[in-house]
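S.K.: Got a sequence here, can you build the structure:
(2 chains)
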Amino acid sequence: MKKINVNDTTLFLSFAAVILLMPIWLSPFGAAYPDLLQKFAIYGIFAIGFNILFGLTGYLSFGHAAFLGVGSYAAVWSFKLFTMNVLPAVAFGIFFAGLLALAIGFLSLRRSGIYFSILTLAFAQMSYNLAYSVLTPITNGETGLQLTSNDPRWIDAMYKTPEAGLPSTELFGLTMNGYPGFYFCAVILIICFYISLRIFRSPFGLTLRGIKTNQKRMKYTGFNTRPYMLAAFVISGMYAGLAGSLLAITDPLAGAERMQWTASGEVVLMTILGGVGTLVGPMLGAGLIKYFENIFSSFNSGTLHEVFSFLPDGLEVVVVKVTGLFVGSGWHLTLGLLFMIVVIFLPGGIVEGVQKLARLFRPKTDDDPQAPAPQKQAAE
Amino acid sequence: MTMNNLVLTLNDVQKSFGGLRALADVNLQVEEGKTLAIIGPNGAGKSTLLNVCVGLLKPDSGTVMFDGQELTGKQPHEIAQLGVARVFQTPEIFTDLSLIDNVMLPALSKRDGSFKFNPHLHMRKQTEVRDEAEHILADVGLKEQLDMEAGSLSRGDKRRLELAMCLILHPRLLLLDEPTAGMSRHDTNQTIDLLKKIKQSGMTKVIIEHDMHVVFSLADKVSVLARGKIIADGTPDEVREDPLVKEAYLGGAHQ
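M.R.: The predicted structure follows:
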């Protein structure tokens, strides 16, 4: 049993190292610029939190973008009203998203399966439409909530004289742009990963997995399943709120489109692509989708001509025409194909694929099959 | 713990589905530490009777009392926390989890109650729970497969696992719905031995069973249910000789 513990520590340390070293190892892929790295970290948090609900309890929420949006709005309001320091913004984002998750979860968890998914979707779309209409005083409607030079910023006003122009978000004097912003998000991501790891290994996490597998047996075993699911729902909502507030920290602007159903769907894709119910899967999925969205979509026929310039002229034109369908604005096509391949051949996501590859390359030993498969899966 | 302490009492329990009367004025009493077998032809209402006891179904009228407390209208998890455990006709286990997790979950429910928010604890440090789970798995003969996924067990082993999951709850009343259905004669005998062993611990049991061999090996009392009514009850020998029962149910099933 001690071995599992060592594995978890190794897993956590390697995760932290990989995340913190992203600026180095991602540069050959053309992705090592702070704006994109921040997105990797933020959407990683979003997906890791989503996985606590979907991966452990099996309840598929289609409305998590609502919490992302609320987190952003709360953070921007904290910048407008109190201070440009990011810590209160993060706290407000988590708090209000948690509150909304409590309300939506309380109502939606009365149903399971597809009905639960539809309820969450309905609530999220409701929030989205409210943000555009009735709640305009809070959300600033279509324009989106922005910083202005005549915001009160009461706490900041007590300590410093306002400078000219709009202030930027900071952590005790350190401006949250560029790499400092990425490292702030990365540290929070690592903390979030640790919390998720602990939840997976706790009696609470085991109970959630029991609910996923056989809720009937859970009830006849004496578990009151609803508060467990509500707790998981609120925790994952808080993760989403945190991600939303970090989005506002790296770019202090909150718009209602962040709450749209496509954003909810995106986190579902990330989790499934990476591996539902695995620890690192959601992070992988989030990174991959954001990479596609930002890098693949920027390829144009010019870049393709460069890449395939070694081919003979006639062939090159054809190859560029065909591959051109899959890059640039066609990146959704690539993503769709990838998603189909994963769902059909690797229901366990990329993590399952990596495990299969690892097994292929590992020399066959006799004591290998004795290693319990389920634990191995949970550890990776 | 006097011998005539009643653990389970059903008073005039009625239950209808549409026009069909599944249970008609059923009265039952089970004494502490005894085993009651309920037998009867298919569709007699045996499973309905158990479902009423665990809160899956609400009786139309009448009451179900467990150890002086009314069970009618209580949630399944409340009834389970009171000390009523149930083995289902098709094993209800956690197929995606390992055997040890399957048994540790009920142990956690026993220890922590129906809800406890404890994400800060580590399963690895719940050594008492783990030790007890390993012990019970050894009792039912599954200790070699602790880390195996429960879904890959054979049907008989699944039943044994479910029994272990119920036993670790240390219930005061154990309800068993055909615990040996689909088992080989060898496995059936093993289960009988196990249930006899439990009986020595003083656990009260209600068994629904088709297999007369099981009934006559385990039961202190037998109630015969036919068309939602109890048509006979008594010791196994009394019931075996009852001409009404012979005609209604036993026929030539038990030689």
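
S.K.: those strands in the chain, which residues are they?
M.R.: Went with chain A since none was named. According to DSSP state E, chain A carries its strands in the segments A:145-146, A:170-171, A:174-175, A:253-254.

S.K.: um, chain B though
M.R.: B:6-17, B:20-31, B:35-39, B:61-66, B:69-70, B:84-87, B:173-177, B:204-208, B:221-226, B:229-234.

S.K.: Mean pLDDT and mean neighbour count added to the ones you listed, as CSV?
M.R.: For every residue, glycine as well, the C-beta is placed using N, CA and C. Compiled in CSV, those are given as follows (pLDDT from 0 to 100; neighbours: other CB atoms under 10 Å in any protein chain shown):
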stretch, mean pLDDT, mean neighbour count
strand B:6-17, 90, 18
strand B:20-31, 89, 18
strand B:35-39, 92, 25
strand B:61-66, 91, 18
strand B:69-70, 88, 11
strand B:84-87, 92, 26
strand B:173-177, 92, 24
strand B:204-208, 92, 24
strand B:221-226, 90, 22
strand B:229-234, 87, 18
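
S.K.: Which one, of these, ends up nearest to chain A?
M.R.: Chain A sits nearest to strand B:84-87 of all those, at 5.5 Å, using CB to the nearest CB.

S.K.: Now do the closest one: everything it contacts.
M.R.: A:220, B:50, B:53-54, B:66, B:71, B:159, B:162-163, B:166-167, B:169, B:171-177, B:179 (CB atoms under 8 Å, 6 or more residues apart in numbering or on different chains).

S.K.: can I get the CA coordinates of the longest helix along chain B in CSV?
M.R.: Secondary structure assigned by DSSP state H gives helix B:185-200 as the longest helix of chain B. Extracted C-alpha coordinates of helix B:185-200, given in CSV (Å, rounded to 0.1, in the frame of the first residue of the first chain):
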residue,chain,number,x,y,z
ARG,B,185,-25.1,-27.3,-5.6
HIS,B,186,-21.6,-26.9,-4.3
ASP,B,187,-21.9,-23.2,-4.0
THR,B,188,-25.4,-23.5,-2.6
ASN,B,189,-24.1,-25.7,0.2
GLN,B,190,-21.2,-23.2,0.9
THR,B,191,-23.7,-20.4,1.2
ILE,B,192,-25.9,-22.4,3.5
ASP,B,193,-22.9,-23.1,5.7
LEU,B,194,-22.0,-19.4,5.7
LEU,B,195,-25.6,-18.4,6.6
LYS,B,196,-25.6,-20.9,9.4
LYS,B,197,-22.5,-19.4,10.7
ILE,B,198,-24.1,-15.9,10.7
LYS,B,199,-27.1,-17.4,12.5
GLN,B,200,-24.8,-18.2,15.4
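
S.K.: coming back round to it: now, which of the contacts of strand B:84-87 lie within helices?
M.R.: A:220, B:50, B:53-54, B:159, B:162-163, B:166-167.

S.K.: Chain A against chain B: which residues are in contact?
M.R.: Contact residues (CB under 8 Å from any CB of the partner chain) of chain A with chain B: A:1, A:4-5, A:195, A:198-199, A:201-207, A:209-210, A:212-214, A:216-225, A:227-228, A:231, A:372-375.

S.K.: I'd like the distance between the closest residue to A:Tyr179 other than its chain neighbours and A:Gly244.
M.R.: Counting by CB to CB, 6 or more residues apart in numbering or on different chains, A:Tyr179 lies nearest to A:Pro34, which is 5.3 Å off, once chain neighbours are set aside. Distance, A:Pro34 to A:Gly244, using CB to CB, to the nearest Å: 19 Å.

S.K.: A:Thr120 versus A:Val187, what's the distance?
M.R.: Counting by CB to CB - A:Val187 and A:Thr120 are separated by 30 Å.

S.K.: Give me the more crowded residue out of those two.
M.R.: A:Thr120 (26 against 14; other CB atoms under 10 Å in any protein chain shown).

S.K.: who touches that one in this structure?
M.R.: A:Thr120 neighbours (CB under 8 Å, 6+ apart): A:61-64, A:104, A:108, A:264.

S.K.: List buried residues within the residues of chain A next to chain B.
M.R.: A:4, A:195, A:198-199, A:201-207, A:209-210, A:212-214, A:217-225, A:228, A:231, A:372 (16 or more other CB atoms under 10 Å in any protein chain shown).

S.K.: Give me the subset of the residues you listed that lies in helices.
M.R.: Using DSSP H, those in helices are A:4, A:195, A:198-199, A:201, A:203-207, A:209-210, A:212-213, A:217-220, A:225, A:228, A:231.

S.K.: who touches stretch A:309-322?
M.R.: A:301, A:304-305, A:308.

S.K.: from those, which is closest to B:Val214?
M.R.: A:Leu304 (73.7 Å; CB to CB).

S.K.: State the number of residues packed around the residue lying closest to that closest one once chain neighbours are set aside.
M.R.: Leaving out its chain neighbours, the residue that sits closest to A:Leu304 by CB to CB, 6+ apart is A:Val320, at 4.6 Å. Using other CB under 10 Å, A:Val320 is surrounded by 19 other residues.

S.K.: hang on, the earlier thing: single out the most deeply packed of the strands of chain A.
M.R.: Highest mean neighbour count among the strands of chain A (mean count of other CB atoms under 10 Å in any protein chain shown): strand A:253-254, with a mean of 22.

S.K.: Quick one: distance of that strand to the chain centre.
M.R.: 18 Å (CA atoms, centre = their mean, to the nearest Å).

S.K.: neighbouring strands for it, and are they parallel or not?
M.R.: Applying DSSP bridges, strand A:253-254 is found paired with strand A:145-146 (antiparallel).

S.K.: List the contacts of the strand it pairs with.
M.R.: Against strand A:145-146 from outside (CB under 8 Å, 6+ apart): A:72-73, A:76-77, A:80, A:138-140, A:252-255.
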